[in-house]
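A.B. asks: Here is a sequence with its predicted model. Questions after.
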Amino acid sequence: LPLNYAFVISAAPIFFTSFGFHIIMGSVNSYLDGSVTQFRKAILIGTAIPLVAYLIWQLATHGVLSQNEFIQVLQADPTLNGLVNATRQITNSHIMGEIVRVFSALALITSFLGVMLGVFEGLGDLFKRYKLPHNRLTLTVAAFTPPLAFALYYPEGFIAALSYAGLLCAFYCLILPIGLAWKTRQANPNLPYRVIGGNVTLVIALVIGVIIMIVPFLIQAGYLPAVAG
């Protein structure tokens with residue numbers, strides 16, 4: 001159990017961002033040719049895999065480091081190197097430290113690839129709409145250059161932006177889709193397919209999205225404890 005239950009709320013944006021695969025839903029839908037059955041299966045399996053990996057990660061790290069030790073690690077070095085070094089010292093195993101490093105690197109790489117796939121596809125649609133060159137080379141340069149340059153030349157700003165990733169993710173993964181679904185249902189009340197729950201589900205999701213979006217500001221104002229992730 002957490003030392004402070006407020007950490008559960010503070011960590012909500014980070015946890016939500018970890019499952020923010022919604023940006024590639026358009027690409028997945030295209031690959032599956034719009035099959036609702038296959039699309040639902042892809043969402044369930046695609047969510048289950050990182051959830052299992054996340055739970056294993058939590059069990060492994062908290063099985064080695066207590067919460068008090070985690071706090072000391074964050075105070076000394078809140079980066080991945082701090083966790084790796086702490087794991088090495090406590091387990092007296094260089095291999096365990098490298099396993100933590102590789103696991104974390106794979107998590108970052110897969111997240112990066114997923115986000116860039118969504119950006120790549122989104123830019124492709126945008127360039128087509130405005131009749132701009134949309135070959136793979138052009139889209140690759142347009143998708144990768146801005147974030148790479150920002151990370152290289154202003155790393156502090158890049159890290160600061162990541163602290164608000166949950167806010168942005170909640171907007172385009174919850175608020176925006178809810179608005180689109182609401183308007184679509186109003187304009188086409190007799191659609192052949194509708195997610196179970198009706199508008200009540202949309203309202204519940206909207207409330208959750210708003211809560212996630214205001215958490216970073218509550219942390220900044222000192223009403224919630226800060227977390228690292």
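C.D. replies: Structure's in. What do you need? Numbering: from 1, shown residues only.
A.B. asks: switch to C-alpha atoms for all contacts and neighbour counts from now on
C.D. replies: Will do.
A.B. asks: Let me know the helix or strand that residue 37 is in.
C.D. replies: helix 36-64 (DSSP states H and E).
A.B. asks: could you point out which element follows that helix?
C.D. replies: For helix 36-64, the following helix or strand on the C-terminal side (DSSP H and E) is helix 67-76.
A.B. asks: average model confidence for that next one?
C.D. replies: Helix 67-76 shows a mean pLDDT of 74.
A.B. asks: packing partners for it?
C.D. replies: Applying 3 or more C-alpha pairs under 8 Å, 6 or more residues apart in numbering; DSSP states H and E, we find helix 67-76 packed against helix 80-91.
A.B. asks: As a quick check, tell me the outermost residue of this protein.
C.D. replies: Within the chain, residue 190 marks the point farthest from the mean C-alpha position, 33.5 Å out by C-alpha atoms, centre = their mean.
A.B. asks: Mind checking what secondary structure that one has?
C.D. replies: coil (DSSP: H, G, I helix; E, B strand; the rest coil).
A.B. asks: just checking, residue 84 touches residue 104?
C.D. replies: No. With contact defined as C-alpha atoms under 8 Å, residue 84 does not count as touching residue 104 (9.8 Å).
A.B. asks: quick one: which of those two has more around it?
C.D. replies: residue 84 (19 against 14; other C-alpha atoms under 10 Å).
A.B. asks: Report how many residues lie close to the nearest residue to the more buried one once chain neighbours are set aside.
C.D. replies: Nearest residue to residue 84, sequence neighbours excluded (C-alpha to C-alpha, 6 or more residues apart in numbering): residue 97, at 4.9 Å. Other residues within reach of residue 97, judged by other C-alpha under 10 Å, total 20.
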